[in-house]
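Participant: Pasting the sequence and the predicted coordinates here, then a few questions.
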Amino acid sequence: MCGIVGYIGNRKASEVLIKGLKRLEYRGYDSAGIALCNNNSCQIYKCKGKVQDLEKLLQDKNAEGSIGIGHTRWATHGEPNDVNAHPHTSMRGNFIIIHNGIIENYSKLKAGLEEEGYVFKGETDTEVLANLFEYVYLNHLNNGDKISPEDIIRETLQMVEGAYGLVILCNDYPDFMIAARKGSPLVIGIGKDEYFVASDATPIIEYTNSVIYLNDDDIAIISRSSLNLTNLKNMKKKPDIQKIDLKIDEIEKGGFDHYMLKEIYEQPRAIRDTCRGRLDFRSKSIHLGGLHNIFDKLAGAKRIIIVACGTSWHAGLVGEYLFEEFARIPTEVEYASEFRYRNPIINKDDIVIAISQSGETADTLAAVQMAKNAGAIVIGICNVVGASIPRETIAGVYTHAGPEIGVASTKAFTAQITVLTMMAMAVGLANKGLTEKEFSQLVDELYIIPEKIEEILERSECIRDISEKIKDVSNSIYLGRGYLYPVALEGALKLKEISYIHAEGYPAAEMKHGPIALIDEKMPVIVIATKDNSYDKIVSNIQEVKARKGVIIAVVTEGDVTIKSIADYVIEVPKTDFALAPLLTVIPLQLLSYYIATMRGCNVDQPRNLAKSVTVE
Ligand code: M6R
């Protein structure tokens, strides 16, 4: 979603900001802008569209200044246009701000300000906040109060309900900027006589690896030479300076046409990294250090509830099959957005697992809070180190997929399933859901999954050919059973989000309860049908589609002759254990979506209307 970058130092701020905004493009946005301060005056440049459009706007301008803030906006309040783009200036020009998050009581605050004579240019909640800062500031000034801009920010933010990651410039105090966080992440990079602020570390890492992650209610006053950290209650805080281990090549395309393709190809490496130090092939054991403190409670749990959104929710569905089969623990998977609002029953001895690539998804984060408040033990499975979900959970396991820039999640999904598999296996061994022999066979099989993914990636040409054949369809259906049903859902999500082709995923047996009415010779039906205990059943489902002239694209186990003789196209994947099949079968579906979308001329890395990390409800 929206991206923030701020700079104070001795470099040309416009260059740092534009470069930073480009690094944040992956988050999804529809307008961009910067404010540059030079010799006590600040200029704002902003427009609807991409950072490239903003660059064009800057071409003939004197974009000087070594202090500045920049923003990419994903519209919530008010359409994407030049006026609603950030930064926003208060009516009399005292404050310039950029903001991620939502001010929930903005209409009430706006009405109050209008009564005081404030006139608004646009429709955003952020402009309301800029004017509120100014209103509070001028009131104090008129009363002759001696009050610092930091106190103004603190006082104003007490009036605000909602979430914010904010960077604020104050015209009367041109040598510093203020950053404040509640519910929307901000990270500060520390250089020599310079500081960087950003909504995630990607714009910062080429300058410094020393960072401070702000916590909720933190307020940082940043000048070229100092950083002063306090909180909303005006308590002084000691900054916790951390080193980040993120390399610039990890966030670049590395010779691939798109981040998504790079990330699909990174999956063997991502799974190896996720297993490294945890899955011990020689001693046939699994060590998950991040679960050490609660492992006995997890193994003894009466119930597991998994909360997540989107692709992470699909990984959770695979987790349900894994925990029930390996560990015999009843498991429920909930959309975080439904869970948080429907007064769910949460018992003290329930284990809640929150899955999130970004660790910042607003609904998942709220579900975590709710489960914590109800006394449950909450575990996080997250990709972004230091994100809010790992910080809010008592235990957890990081997926080591590396930065995922493409909006469509690929390597994060397979890394999440890898973590869930290891967790379910470890618990299954501990509570005797799995025998030692079964466990050891699974260790062997999981260990060689990356090699098997490499084999599938080598066959991408065949998937490209199939994509060419079906790229012009308007609708599609994905079918799977058991472990492969969540894969069908994920395949359909991938296709719809990047190619804009309508795609639905179903458990294959459900087809005859309705969706079969859609089948005709124009309908491609993608069936995930590797050899498992429901193989014969899914062969029957394929026959049912064929009888109605549907076009079958089947993902099958190498050497399958039965489905090959019925299907229009087949994609083979190596044989593996039933429970690990999602890790292989999703790969061709990711490639299929990628090729179809690129053939249709879609922007696969930044699909329309989507954001990488959904930090609003
Ligand atoms: O960062 P999270 O895993 O919490 O994000 C959840 C969803 O927003 C995300 O998986 C989304 O569905 C992706 N666009 C899927 O490709």
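Facilitator: Received, thanks. Numbers count the residues shown, from 1 in each chain.

Participant: Can you name the residues that contact the residue of the chain at minimum distance from the ligand?
Facilitator: Going by C-beta to the nearest ligand atom, the ligand is nearest to residue 310 of the chain, at 2.0 Å. Backbone N, C-alpha and C define where each C-beta goes, glycine included. Going by C-beta atoms under 8 Å, 6 or more residues apart in numbering, residue 310 touches 409, 493, 614.

Participant: Could you find the lowest-pLDDT member of those residues?
Facilitator: Within the contacts of residue 310, residue 614 has the lowest pLDDT, namely 80.

Participant: What about that residue, how many residues nearby?
Facilitator: For residue 614, the neighbour count with other C-beta atoms under 10 Å is 21.

Participant: In a strand, it, correct?
Facilitator: No. Assigned with DSSP: H, G, I helix; E, B strand; the rest coil, residue 614 falls outside any strand and is coil.

Participant: in what helix or strand does residue 188 lie?
Facilitator: strand 187-190 (DSSP states H and E).

Participant: how does the chain divide into domains?
Facilitator: 2-249, 257-447, 458-604 (automatic domain parsing).

Participant: is it possible to export those domains to a markdown table including distance to residue 610?
Facilitator: A markdown table is the format used below for the domains of the chain (distance: least, C-beta to C-beta, whole Å):
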| stretch | distance to residue 610 |
| --- | --- |
| domain 2-249 | 5 |
| domain 257-447 | 5 |
| domain 458-604 | 6 |
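
Participant: Which helix or strand lies directly C-terminal to the strand holding residue 188?
Facilitator: Past strand 187-190, the next helix or strand by DSSP H and E is strand 195-198.

Participant: quick one: average pLDDT of that following strand?
Facilitator: Per-residue scores along strand 195-198 average to 98.

Participant: Could you list every helix and strand in contact with it?
Facilitator: Contact here means 3 or more C-beta pairs under 8 Å, 6 or more residues apart in numbering; DSSP states H and E; on that basis strand 195-198 packs against strand 3-8, helix 13-23, strand 187-190, strand 218-222.

Participant: Swap in 7 Å and give it another go.
Facilitator: In terms of contacts (3 or more C-beta pairs under 7 Å, 6 or more residues apart in numbering; DSSP states H and E), strand 195-198 is packed against strand 3-8, strand 187-190.

Participant: Distance from the chain centre to that strand, please.
Facilitator: 21 Å (C-alpha atoms, centre = their mean, to the nearest Å).

Participant: Can you tell me the strand partners of the helix or strand following that strand and which way each runs?
Facilitator: Later in the chain than strand 195-198, the nearest helix or strand by DSSP H and E is strand 210-213. As defined by DSSP bridges, the strand partners of strand 210-213 come to strand 187-190 (antiparallel), strand 242-243 (antiparallel).

Participant: Point out the most buried one among those strands.
Facilitator: strand 187-190 (a mean of 22; mean count of other C-beta atoms under 10 Å).

Participant: and this protein, which of its residues are near the ligand?
Facilitator: The interface of the chain toward the ligand, taken as C-beta under 6 Å from any ligand atom, is made up of 309-312, 356-358, 361, 364, 407-409, 493, 497, 610, 613-614.

Participant: Got a PyMOL select line for the buried ones in those residues?
Facilitator: A single PyMOL command selects the buried members of the residues of the chain next to the ligand (16 or more other C-beta atoms under 10 Å):
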select buried, resi 309+310+311+312+356+357+358+361+364+407+408+409+493+497+610+613+614
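
Participant: if I look at the residue of the chain closest to the ligand, how far off is residue 409?
Facilitator: Applying C-beta to C-beta, to the nearest Å, the value for residue 310 to residue 409 is 7 Å.

Participant: Then residue 451?
Facilitator: Taking C-beta to C-beta, one finds residue 451 at 23 Å from residue 409.

Participant: And residue 417, by the same measure?
Facilitator: Residue 417 is 12 Å from residue 409, by C-beta to C-beta.

Participant: swap in residue 177?
Facilitator: Distance from residue 177 to residue 409, by C-beta to C-beta: 33 Å.

Participant: ditto for residue 335
Facilitator: 16 Å.

Participant: low-confidence ranges in the stretch 51-200 of the chain?
Facilitator: For the stretch 51-200 of the chain, no stretch is flagged by pLDDT under 70.

Participant: so where do the strands sit in it?
Facilitator: Per DSSP state E, counting those that start in this stretch, the stretch 51-200 of the chain carries strands over the ranges 67-73, 88-89, 95-100, 164-170, 177-182, 187-190, 195-198.

Participant: Save the ones you listed as a markdown table, and put in distance to residue 400 too.
Facilitator: Output for the strands of the stretch 51-200 of the chain, formatted as a markdown table (distance: least, C-beta to C-beta, whole Å):
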| stretch | distance to residue 400 |
| --- | --- |
| strand 67-73 | 27 |
| strand 88-89 | 38 |
| strand 95-100 | 26 |
| strand 164-170 | 26 |
| strand 177-182 | 26 |
| strand 187-190 | 20 |
| strand 195-198 | 22 |
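
Participant: nearest to residue 572, of the ones you listed?
Facilitator: Evaluated over the strands of the stretch 51-200 of the chain, closeness to residue 572 peaks at strand 67-73, with 41.7 Å, by C-beta to C-beta.

Participant: Can you list the strands that the closest one pairs with?
Facilitator: Next to strand 67-73 in the sheet, as set by DSSP bridges, lie strand 3-8 (antiparallel), strand 31-38 (antiparallel).

Participant: Show me what the last one is in contact with.
Facilitator: In this case it means strand 31-38. 13-14, 17, 21, 42-51, 54, 63-65, 67-73, 80, 84-87, 96, 169, 174 (C-beta atoms under 7 Å, 6 or more residues apart in numbering).

Participant: Could you check the angle it makes with strand 177-182?
Facilitator: Strand 31-38 and strand 177-182 are oriented at 140 degrees to each other (axes from the mean of the first three to the mean of the last three C-alpha atoms, to 10 degrees).

Participant: The stretch 351-500 of the chain: helices as residue ranges?
Facilitator: Using DSSP state H, counting those that start in this stretch, the helices of the stretch 351-500 of the chain run over 362-373, 388-392, 411-430, 436-447, 449-458, 460-470, 484-499.

Participant: Flag every buried residue along the fourth one.
Facilitator: When you say that, I think you mean helix 436-447. Of the residues in helix 436-447, 439, 440, 442, 443, 445, 446, 447 count as buried by neighbour count, 16+ other C-beta under 10 Å.

Participant: ok, those residues vs residue 287, which is closest?
Facilitator: Distances from residue 287 to these, taken by C-beta to C-beta, are shortest for residue 443, at 11.9 Å.

Participant: any idea how far the closest residue in space to the closest one that isn't next to it in sequence lies from residue 437?
Facilitator: Computed as C-beta to C-beta, 6 or more residues apart in numbering, the closest residue to residue 443 that is not its neighbour in sequence is residue 284, at 5.0 Å. Applying C-beta to C-beta, the value for residue 284 to residue 437 is 10 Å.

Participant: Then residue 265?
Facilitator: Counting by C-beta to C-beta, the gap from residue 265 to residue 437 is 34 Å.

Participant: Assign the nearest residue to residue 418 once chain neighbours are set aside to helix, strand or coil.
Facilitator: With sequence-adjacent residues excluded and distances taken as C-beta to C-beta, 6+ apart, residue 418 is closest to residue 274, at 4.7 Å. Secondary structure for residue 274, judged by three-state DSSP, is helix.

Participant: Contacts for stretch 118-132, please.
Facilitator: Against stretch 118-132 from outside (C-beta under 7 Å, 6+ apart): 77-78, 83-84, 86, 88-91, 95, 97, 99, 102-103, 106, 109-110, 113, 156, 159-160.

Participant: Just the buried ones from those, in ChimeraX syntax?
Facilitator: Buried residues within those, by 16+ other C-beta under 10 Å, are selected in ChimeraX with:
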select :77,78,83,84,86,88,89,90,91,95,97,99,102,103,106,109,110,113,156,160
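
Participant: Among the contacts of stretch 118-132, which are located in helices?
Facilitator: 106, 109, 110, 113, 156 (DSSP state H).

Participant: Which members of those define the maximum pairwise distance?
Facilitator: 110 and 156 (14.0 Å).
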